[in-house]
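> For reference, the sequence and a predicted model appear below.
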Amino acid sequence: MNKDNSYPKSPPFFDNTDTPEMGGGLPIIGYWAEHTLSPEGAKLWKTLLHKSACLSCAWGTGGQKGGFTNEEGEKLQRCMKSVESISAEIQPAIPKQFFEQRNIEQLQQLTSREADRLGRWNFPVILRSGSSHYERITWDEIYSICETAFAKTPERVASYSSGRSSNEAAFLLQLMMRTLGSNNLADCSDLCHAPSSFGLKQTLGTGTSVVSLESLKQADCIVLAGSNAAYNHPRLMNELIKLRDRGGKVIVINPMKEVGLVKFASPAFVKSLLTGSDIASIYLQPIPGSDVALFTGIQKALLEKGKIQNEFLQAYTEDWQAVISHLENTDWETIISTCGVSQIEIETAANIIINSQKVVFAWAMGITQQKNSVDNIYSIVNTALMTGNIGKEGTGVMPIRGHSNVQGFGSMGVTVRLKKEIQQALEKLLGRSLSKVKGYDTHALIEAADAGKVDTLICVGGNLYAANPDLNKVKRALNKIETIIYLATKPNLGHFNGLANQNTIIIPVFNRFENPHKTTVESGNNFVRLNDEGETHLKKADLISEVDFLTELAYRIHGEYPVNWRKLQDTKYVRELIAQTIPGYEKIGEIDETEEEFTISGRILKSPKFSTASGKAKMFVTPLPILKLPEIKDFKVAESTQGIVVALMTGRSYAQHNTVVYQTEDKYRGIPHRNCILMNKNDVEKAGFEQHQRVTVKGNVGELENVEIIFGEVREGAGVMFYPEVNVIFKAEVEERCGTPAFKRVPVLVYK
């Protein structure tokens, strides 16, 4: 960091253009110029070259092929998101006297960016009941408090986790919790891609992508729905550029026209770097929450053109007749009025799919964070099946996951919906039946805590507080828990707002490239990478690995029953148990010797044989949503109030990863700070407002004042504000089948 506590200036190759049409999030070429010889530059270079997987999204690179190399051996695949996450991890330690000088009330005033910039956790601390300051704590006292906390009734003990950790830590976490008798294994995926896992399991018998990177390279069309890959998954943009260069098409579906999805510059390709690469062949901007209607429209266009693959449906699917009947009985007027996209545009998209040989359907949280998100997944799968675009190379469905190992946590059994095969394997390993009590997902965990039903919570990474809607309620709920243990590398807002009523403990842990033992992670495309051991740059650090802490804690709780917990501090032994327990992970048992990274078996569909009871894909009728915004008077304001009601979509800024904010501005959207709302010019003028005017934005549980209006290419009737700050104003509707909040359609009033 610089003397003024700022990061070094981003070098040109991180983001080498100030012109919005060039896109953002460029992969890096090098770290020359002024920073090459600096201490920060040296640490960054060392880490970039370390044989460990990227810390950022599940599309990252790294592992045994090297930090810049993807699973196909291609170079120059690091991106700005990766550099940002590494730069944050190589910050200096938080000074020992810091917590003596700052009380908890002062720490609660920090922004996400300010909390992250405090530095690295370097020693364990505790905030005791009645105390105003965090203080250092010994490991003996930590384990003593934890032993008492985990002695509570199993149903009153819970965990929460994020994908920044390893498969080994994930496996140990769920093993410890299930041995305790608790199924309360909440995970960050509950807030994002749980609908993908649920919907894909119901339709195809698998909860993950059925497309590998190798397969993606054979596609000649990609349908990208509800994703801003240019910001959040920049490495995927290289694949879109190559697809366009070979004559393929990209259909983008997003209520917000993102500049990087129109044109993107990547230094992995000289021409792209110089002039930018066209991305979207057609850009559809539906009403937020109307994706089912849009995909129904595409299906109806296919039906009317006689392009439904009936022989494929008859041979490889179930219940397809009901879906076709639903299309026949759904009129164009209803489809168009629901989604807000014209019939001509929908038919144009359908024609692109018809004229493409191999189509991949990909999506992110614009699809999953909706009230009817499972139906969204069903409708996408239906479209792929109707066109025969599942079960052969270059085709399929592909959720684009955010956290670097969030899919790995699900694979390891960190979920409230445990696969039967894993349950049986765990029962054999433990020599006992697992609890049948339904566990808490993340939304249910907050509800249970607020009802006083949770005594103990362990958080392995993540930011449970800021990741949820209705922040005041979340804060209140967490305050009712007796003991909370956070395992973390850096401070976040949750450490200062998600406080227990007795003991809040922060356990400082090694990050991925510092771990004293080998670990593994899983990409969003089912590729398992091996991370080498490493060393921390922190001097006299009192850190512990997640594996070491979890195994020692499990030993203190369970003794030597039913497994030798301390032996599990050897991650090679953990991998041997994973190989015996987790379907498709058999190769992990030999990865220490072979160093052979692998694609998980049984997940990439190269033939139309599905892991369902019948062996056929199951299709579901997807009812069109009824989308109606409340009126101004419904927000309980004065009758004379001047304003407009819009469907708000929460989003991340350009330099942000999940709840961690690296920069306050978003230059590609023209947003100068984080207390802004991006709106369509017509909506602003209709409401009698002007650009840059300051307004109040009111949700169903709170409001934000002095919000600056910024014109943007968001469709009429919609708006965009930054997560997690805006979470304080709304209580979101929840997808009842999997508990995911509808962050992407929040009715709000924008008024003077």
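Yep, that arrived.
> Where do the strands of the stretch 151-300 of the chain begin and end?
Secondary structure of the stretch 151-300 of the chain (DSSP state E, counting those that start in this stretch): strands located at 157-161, 185-187, 221-225, 249-253, 263-264, 277-278, 282-284.
> Could you tell me the angle between the third one and strand 249-253?
Between the axis of strand 221-225 and that of strand 249-253 there is an angle of 10 degrees, by axes from the mean of the first three to the mean of the last three Cα atoms, to 10 degrees.
> got the buried residues for strand 221-225?
221-225 (16 or more other Cβ atoms under 10 Å). C-beta coordinates here come from the backbone N, C-alpha and C atoms, glycine included.
> before we move on, the earlier item: same list (the strands of the stretch 151-300 of the chain) but as JSON lines, adding distance to Ile671.
Shown next, in JSON lines, are the strands of the stretch 151-300 of the chain (distance: least, Cβ to Cβ, whole Å):
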{"stretch": "strand 157-161", "distance to Ile671": "30"}
{"stretch": "strand 185-187", "distance to Ile671": "30"}
{"stretch": "strand 221-225", "distance to Ile671": "23"}
{"stretch": "strand 249-253", "distance to Ile671": "21"}
{"stretch": "strand 263-264", "distance to Ile671": "19"}
{"stretch": "strand 277-278", "distance to Ile671": "24"}
{"stretch": "strand 282-284", "distance to Ile671": "20"}
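> With mean pLDDT and distance to Ala384 added, can I get these in JSON lines?
Output for the strands of the stretch 151-300 of the chain, formatted as JSON lines (pLDDT from 0 to 100; distance: least, Cβ to Cβ, whole Å):
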{"stretch": "strand 157-161", "mean pLDDT": "98", "distance to Ala384": "31"}
{"stretch": "strand 185-187", "mean pLDDT": "98", "distance to Ala384": "27"}
{"stretch": "strand 221-225", "mean pLDDT": "98", "distance to Ala384": "9"}
{"stretch": "strand 249-253", "mean pLDDT": "98", "distance to Ala384": "13"}
{"stretch": "strand 263-264", "mean pLDDT": "95", "distance to Ala384": "25"}
{"stretch": "strand 277-278", "mean pLDDT": "96", "distance to Ala384": "25"}
{"stretch": "strand 282-284", "mean pLDDT": "98", "distance to Ala384": "17"}
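> Would you mind saying which of those lies nearest Val684?
Val684 lies closest, by Cβ to Cβ, to one member of the strands of the stretch 151-300 of the chain: strand 282-284, at 21.5 Å.
> buried sites along the closest one?
283-284.
> List the contacts of that strand.
249, 251-254, 257, 261-262, 294, 341, 345-346, 348-349, 352 (Cβ atoms under 8 Å, 6 or more residues apart in numbering).
> 10 Å - rerun?
223-225, 249-255, 257-258, 261-262, 291, 294, 297-298, 339-342, 345-346, 348-349, 351-352, 713, 715 (Cβ atoms under 10 Å, 6 or more residues apart in numbering).
> repeat for stretch 147-156
157, 176-184, 435, 437-440, 448, 452-458, 481-485, 500, 502-503, 505, 553-554, 556-558.
> Try it again at 7 Å.
For stretch 147-156, contacts defined as Cβ atoms under 7 Å, 6 or more residues apart in numbering pick out 157, 180-182, 435, 437, 453-456, 482-483, 556-557.
> mean confidence score for it?
Stretch 147-156 comes out with an average pLDDT of 97.
> any idea how far that stretch is from the chain center?
Centroid displacement of stretch 147-156 relative to its chain, using Cα atoms, centre = their mean, to the nearest Å, is 30 Å.
> so how far does it reach from one end to the other?
14 Å (Cα to Cα, to the nearest Å).
> for that stretch, which positions count as buried?
When burial is assessed from 16+ other Cβ under 10 Å, stretch 147-156 yields the following buried residues: 149-150, 152, 154-156.
> Read off the pLDDT value for Ser38.
At Ser38, pLDDT is 68.
> what do you get for Ala42?
At Ala42, pLDDT is 79.
> The one 4 residues further on now?
The per-residue pLDDT reported for Lys46 equals 84.
> Would you mind giving the dihedral angles phi and psi of it?
Here is the backbone geometry of Lys46 (degrees, to the nearest 10): phi -60, psi -40.
> Just give the closest residue to Phe496, not the sequence neighbours.
Leu107 (4.1 Å; Cβ to Cβ, 6 or more residues apart in numbering).
> Also Tyr555?
Once flanking residues are discounted, Tyr555 sits nearest to Trp565: 4.0 Å by Cβ to Cβ, 6+ apart.
> So the one you found versus Pro516, what's the distance?
Using Cβ to Cβ, to the nearest Å, Trp565 is found at 18 Å from Pro516.
> Mind checking which of these two has more residues around it?
Neighbour totals were compared for Trp565 and Pro516, and Trp565 leads with 23 against 15 (other Cβ atoms under 10 Å).
> For the more buried one, which residues are in contact?
Trp565 touches 551, 554-555, 558, counting by Cβ under 7 Å, 6+ apart.
> Neighbour-wise, which one of those leads?
Thr551 (26 neighbours).
> name the element that one belongs to?
helix 546-558 (DSSP states H and E).
> Just after that helix, pick out the following helix or strand.
Next along the chain after helix 546-558, taking DSSP H and E as the criterion, comes helix 571-581.
> So for stretch 119-126, first residue to last residue, what's the gap.
17 Å.
> and of the buried residues of strand 221-225, the nearest to Asp592?
Nearest member of the buried residues of strand 221-225 to Asp592, counting by Cβ to Cβ, is Ile222, at 36.4 Å.
> send the alpha carbons of stretch 406-424 over as PDB?
C-alpha atoms of stretch 406-424 as PDB (Å, rounded to 0.1, in the frame of the first residue of the first chain):
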ATOM      1  CA  VAL A 406     -18.400 -22.100  -4.300                       C
ATOM      2  CA  GLN A 407     -19.300 -25.100  -6.400                       C
ATOM      3  CA  GLY A 408     -16.700 -27.100  -4.600                       C
ATOM      4  CA  PHE A 409     -18.400 -26.500  -1.300                       C
ATOM      5  CA  GLY A 410     -21.600 -27.900  -2.700                       C
ATOM      6  CA  SER A 411     -19.800 -30.900  -4.000                       C
ATOM      7  CA  MET A 412     -18.300 -31.600  -0.600                       C
ATOM      8  CA  GLY A 413     -21.700 -31.700   1.000                       C
ATOM      9  CA  VAL A 414     -22.000 -28.200   2.400                       C
ATOM     10  CA  THR A 415     -25.700 -27.900   1.600                       C
ATOM     11  CA  VAL A 416     -29.100 -28.400   3.200                       C
ATOM     12  CA  ARG A 417     -30.000 -30.600   0.300                       C
ATOM     13  CA  LEU A 418     -27.500 -33.400   0.600                       C
ATOM     14  CA  LYS A 419     -27.300 -35.900  -2.300                       C
ATOM     15  CA  LYS A 420     -28.500 -39.400  -1.300                       C
ATOM     16  CA  GLU A 421     -25.200 -40.900  -2.600                       C
ATOM     17  CA  ILE A 422     -23.100 -38.600  -0.300                       C
ATOM     18  CA  GLN A 423     -25.400 -39.200   2.600                       C
ATOM     19  CA  GLN A 424     -25.000 -43.000   2.300                       C
END
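> can you list contacts of the helix holding Thr551?
By Cβ under 7 Å, 6+ apart, the surrounding residues in contact with helix 546-558 are 143, 146-147, 150, 165, 168-169, 172-173, 176, 179-180, 460, 487, 507, 509, 517, 565-566, 568-569, 571.
> Over to stretch 385-398?
Counting by Cβ under 7 Å, 6+ apart, residues outside stretch 385-398 touching it are 200, 209-211, 215, 218-219, 299, 302, 308-309, 312-313, 316-317, 353, 358-362, 380-381, 384, 605-608, 617, 619.
> per-residue confidence averaged over that stretch?
Here stretch 385-398 scores 98 as its mean pLDDT.
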